[in-house]
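Asker: What follows is a predicted protein model with its sequence.
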Amino acid sequence: MFFGTHRCENSKSCAAFTNFTRVQHFFNDMEYNHRKIDQKWQSKWAQEGTYDASYNSDKPKFYVLDMFPYPSGAGLHVGHPLGYIASDIYARYKRQKGFNVLHPMGYDAFGLPAEQYAIQTGQHPEKTTEINTARYREQLDNIGFGLDWSREFKTTDPNYYKWTQWIFIQLFEAWYDHSIGKSQPISKLIAHLEARGTEGLNAECTEELVLSAEQWTSMNESQQAETLLNYRLAYRSQSNVNWCPELGTVLANDEIKDGLSERGGHPVTQKKMMQWSMRITAFADRLLEGLDHIDWSNSLKETQRNWIGKSQGASLVFDIKDHTAQIEVFTTRPDTLFGVTFVTLAPEHELVDILTTTGQLEAIKSYKAIAAARSERDRMADTKTISGCFTGAYALHPLTQKQVPIWIGDYVLASYGTGAVMAVPAHDSRDYAFAKHFDLPIQEVVSGGDINQEAFDAKSGKMINSDFLNGMEASVAKVSVIAHLENIGYGKGATQYKLRDAVFGRQRYWGEPIPIYYDHGVAKTLPLDALPLKLPEVDKYLPTLDGKPPLARAKHWEYKGHPLETTTMPGWAGSSWYFLRFMDAHNETAFASKLTTDYWKQVDVYIGGAEHATGHLLYARFWTKFLFDMNFISFDEPFKKLINQGMIQGISAFVHRINGTNTYVSAGLIEQHETQAIHVDVSLLQGNELDTSAFKNWRKEYEHATFILEDGKYLCSREVEKMSKSKFNVTNPDDIVDKYGADVLRMYEMFLGPLEQSKPWNTQGLSGVSGFQRKFWKLFHPSGIFKISEGPADKKALKAIHSCIKKVNEDMNNFSFNTSISAFMIATNELTELKTNEREALQPLVQLLAPFAPHLAEELWEKLSGEGSVTVCSFPEHEEKYLIESSKNYPVSFNGKVRFQLELPLSLTSEDIENIVRSDPRTSEQLGDKQVRKIIIVPGRIINIVMG
RNA sequence: GCCCGGGUGGCGGAAUUGGUAGACGCGCUGGAUUCAAAAUCCAGUUCCUUCGGGAGUGCGGGUUCGAUUCCCGCCCCGGGUACCA
């Protein structure tokens, strides 16, 4: 030991000695100086552009991408970088494996929080976005990511959203041709209409139109424009929104709490509004089918499948007594048609007002008002409250001509299917509950259940009470009914999707302006040279007094004298194609050149949260397929492999205030009092113990707090929650980096648990990883000074290293980084014990560790005089010859319970093993007076003796 | 409600996918070192136990020589649910 010769003679000189040792630590290698080393390598990487990618390379390409962050005002907490660390490790691994790696980063910066903040403070969202992104960048840089920052952009950069707007225009100028299963330019549709009208047209549309060529050509410009909107992929139509009259704006479900606006607590109602939408439903089948060819988790694919919600059944119509109109319904159970005892319409259904009889007018009107006050989510979730109202009208059963009452009920949603259902209470639970509640008849048509007790929803059984279907199996009846309906002209087989067209317009300021102007009411797109259409200045970020969106406040919001569109694009617009922009981030003449998109192609590995399963991930697939159809890119899925990282949760701390007092009682004593739990900042705690004086200083309201202690301490109760500033349970990565270094943060985040799982953050655990790194460093500095031996390494050491290499390689492919880190710890512990110091053993370990702890690895690599940067050295592969075992310590079980161990050579056959086990004295001891009934031997695994 | 995850010591988690449950780390306990503390090192640490054992992977069943792992039925927690990102 370096300090072994120094002896402390008396207490006075000892203080001096302590100071001396600290100075010594600083000046030699004994302690790993993370501040110095992190800084050294981070600036070197930045200087040399170590992570900048280039598309012309003879190496194979590999594209690693993170779901880019929304830069919130709170800055990053330790939960945010989890996915970035994982992707960084993988990108570095791929680089060491000889790939040309693209790993960029940017910001998804449009969105509500910045707008809300702007409304509150009057500060321009651009300004706060600027501040927030700068802070994010600083925090990200601290962690030592191997990111290509030369490609950085924000979705709010006009140079970026210019191309978001351009893609919108391409969507506007396109339609979907089902006869070839592709998007097509609108000019082809116009040519078709001119030549043949709608004859032979198989296009995705809002409403099925029948037009002759003459009818089309005789239309005026605005009629033609209106007609084309029926087909365009970006189009305008009426759709339902949450309208808050007091705020004069549309609200997200997220902004509504218990039916009232979160801001101000005003009532919210459902309202129809003219809105820009995207015809994503045209792509439903391809979005479904494409899932079979991408490497995403089954759960995620399943979520998308359910969201798309393809169901097969029949579409049929009911005549209405004394009306010419018909009610169209979609059903997945046409076999149960004879069991229809009523028809239910969504309260918003367009026929409701026409059908309602005078006697029912008042009742229907007030029910509609009640239904409008409920959000769609409430209506779906609440299956216990049953409500509805009879319209007074009757529908005629298409097969029996029997009259069935027409009801409205809020369990039927206007946005799903046709907004009307044929109710078969005997075989559908929701219909059953409705029928029971309103005492409507229930007619059984499939045998097998007990309809007095509950609906029989099973899709199999024999048909009864169903005329010509009687005796058939339900699945056969289904086919038979559809054929019959087609014959009589009352229906046909149909496929229905739950997926709805995506509403694209937002009544907001902080989004991309939609590049549309209105020429005498006709929507027209801006020419390319007018892009980007920049966000205008406004006096306030609020709607106008007459309820128009904030952009309507802008002066001269017009193009060549024509008014511009005032809604903006949703958050998902910019994030639907950003992965393409990273391939060619500074292109001024195209969203990205074909050359670069052809080279980088899909994202090979995409990492992000599961909360984007149906939003972002579906829209990005949709836009990719569209751009593929239009030949702008040559692949039709954006993300080949996708990993969902879990959340890092915070462990919140609570103090317990005795109700109505300013006295706080320690957690163990709360049962004796009536208390309220209050969040307290976790930084005020040491373990679970509260620093009461720090608490008093924390906030004015606690200045005069008094405490009831237990064992002289004030203990807080703890709870795992989402990590969030408002819960005072956040940990800032900067603090960890400062105290332990970037590599410790990186490794600890990975060590916490499986990447895909949620797990709570516990700062105490850092010392484990930190200890590992010191130990690892010490292998190279056995007596405080760097030293490496050149001779051959011990056999045991080589075995330890090669099993570590093997494990890490396996884990790398499964993204199982937590187990890699324990493998590193195990190897380091063993090598420490073996006092291993040979290059043969230690150098590969540095190469292996480089993706996880790049700063430490670079420093050691330099000391080892490795060639170039460790970031491009090869990644080690294990050699089996070091791992071969000759014997196995068998567990010997009796009836499944392990009773003793038996060390045996692995070369033995089952018979040999059986003979040895039978003759072992411990076996007869275990057997007692029982007989061996069977012996199960799995060579290399276990021995189990069944006795009895 | 519906859809998708998850549940293993005091805590985060591991377990070759049916074969010794609790690797690795934290915490805790004891010891060494120290005037003392930090750091470091060593030992122990699922629970119960009459020290022979017994129980044990959310709960209740089942399949199997053997189940954390497979099957059936529940309970609890997290995410999504179409204008949060």
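Answerer: Everything's here; your move.

Asker: Would you mind listing the buried residues in the helix or strand harbouring A:Ala114?
Answerer: Using DSSP states H and E, A:Ala114 falls within helix A:112-121. Buried residues in helix A:112-121, counting neighbours by 16 or more other C-beta atoms under 10 Å, are found at A:Leu112, A:Pro113, A:Ala114, A:Glu115, A:Gln116, A:Tyr117, A:Ala118, A:Ile119. C-betas here are computed from N, CA, C, even on glycine.

Asker: Going by distance to A:Thr332, which of the residues you listed wins?
Answerer: Proximity of these to A:Thr332 (C-beta to C-beta) peaks at A:Leu112, which lies at 36.8 Å.

Asker: one step back: need the buried residues of helix A:112-121 in TSV (columns: pLDDT and distance to RNA strand B).
Answerer: Listed next are these as TSV, based on pLDDT from 0 to 100; distance: C-beta to the nearest atom of the strand, whole Å:
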residue	pLDDT	distance to RNA strand B
A:Leu112	90	4
A:Pro113	89	6
A:Ala114	92	8
A:Glu115	92	8
A:Gln116	89	9
A:Tyr117	91	12
A:Ala118	92	12
A:Ile119	91	13
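
Asker: if we look at the following helix or strand past the helix holding A:Ala114, which residues are touching it?
Answerer: Past helix A:112-121, further along toward the C-terminus, the next helix or strand under DSSP H and E is helix A:125-142. The contact list for helix A:125-142 (C-beta atoms under 8 Å, 6 or more residues apart in numbering) reads A:38, A:42, A:69, A:71-73, A:75-76, A:81, A:84, A:105, A:107, A:109, A:114-115, A:117-118, A:147, A:154, A:156, A:509-510, A:541, A:732-734, A:737, A:742.

Asker: Now find how far off-centre helix A:125-142 is within its chain.
Answerer: 23 Å (C-alpha atoms, centre = their mean, to the nearest Å).

Asker: Can I get that helix in PDB? Just the C-alpha atoms.
Answerer: Coordinates of each C-alpha in helix A:125-142 appear next as PDB, following Å, rounded to 0.1, in the frame of the first residue of the first chain:
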ATOM      1  CA  PRO A 125     -43.800  29.900 -26.600                       C
ATOM      2  CA  GLU A 126     -40.800  30.200 -28.900                       C
ATOM      3  CA  LYS A 127     -38.900  31.900 -26.200                       C
ATOM      4  CA  THR A 128     -39.700  29.300 -23.500                       C
ATOM      5  CA  THR A 129     -39.000  26.500 -26.000                       C
ATOM      6  CA  GLU A 130     -35.600  28.000 -26.700                       C
ATOM      7  CA  ILE A 131     -34.800  28.100 -23.000                       C
ATOM      8  CA  ASN A 132     -36.100  24.600 -22.400                       C
ATOM      9  CA  THR A 133     -34.200  23.000 -25.300                       C
ATOM     10  CA  ALA A 134     -31.000  24.700 -24.300                       C
ATOM     11  CA  ARG A 135     -31.400  23.300 -20.800                       C
ATOM     12  CA  TYR A 136     -32.200  19.800 -22.200                       C
ATOM     13  CA  ARG A 137     -29.100  19.900 -24.400                       C
ATOM     14  CA  GLU A 138     -26.900  20.800 -21.500                       C
ATOM     15  CA  GLN A 139     -28.300  18.000 -19.400                       C
ATOM     16  CA  LEU A 140     -28.000  15.500 -22.200                       C
ATOM     17  CA  ASP A 141     -24.400  16.500 -22.900                       C
ATOM     18  CA  ASN A 142     -23.500  15.800 -19.300                       C
END
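
Asker: could you point out which element follows that helix?
Answerer: Next element after helix A:125-142 (DSSP H and E): helix A:158-172.

Asker: and after that next one, which helix or strand comes next?
Answerer: strand A:174-177.

Asker: Tell me how far the following helix or strand past that following strand lies from the chain's centre.
Answerer: Toward the C-terminus, strand A:174-177 is succeeded by strand A:182-185 as the next helix or strand (DSSP H and E). Offset of strand A:182-185 from its chain centre (C-alpha atoms, centre = their mean): 30 Å.

Asker: Touching the very next helix or strand once past strand A:182-185 from outside, list them.
Answerer: Towards the C-terminus, the helix or strand next in line after strand A:182-185, according to DSSP H and E, is helix A:186-196. Residues outside helix A:186-196 that contact it (C-beta under 8 Å, 6+ apart): A:172-175, A:177, A:200-201, A:203, A:211, A:213, A:216-217, A:227-228, A:231-232.

Asker: Helix A:186-196 versus helix A:158-172: what angle between them?
Answerer: 20 degrees (axes from the mean of the first three to the mean of the last three C-alpha atoms, to 10 degrees).

Asker: Output helix A:186-196 as CSV, restricted to C-alpha atoms.
Answerer: Presented in CSV, the C-alpha positions along helix A:186-196 are these (Å, rounded to 0.1, in the frame of the first residue of the first chain):
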residue,chain,number,x,y,z
ILE,A,186,-55.6,13.9,-57.2
SER,A,187,-55.2,14.6,-60.9
LYS,A,188,-55.8,10.9,-61.7
LEU,A,189,-59.1,11.1,-59.8
ILE,A,190,-60.1,14.2,-61.7
ALA,A,191,-59.3,12.4,-65.0
HIS,A,192,-61.4,9.5,-63.9
LEU,A,193,-64.4,11.7,-63.0
GLU,A,194,-64.1,13.5,-66.3
ALA,A,195,-64.1,10.4,-68.3
ARG,A,196,-66.5,8.1,-66.4
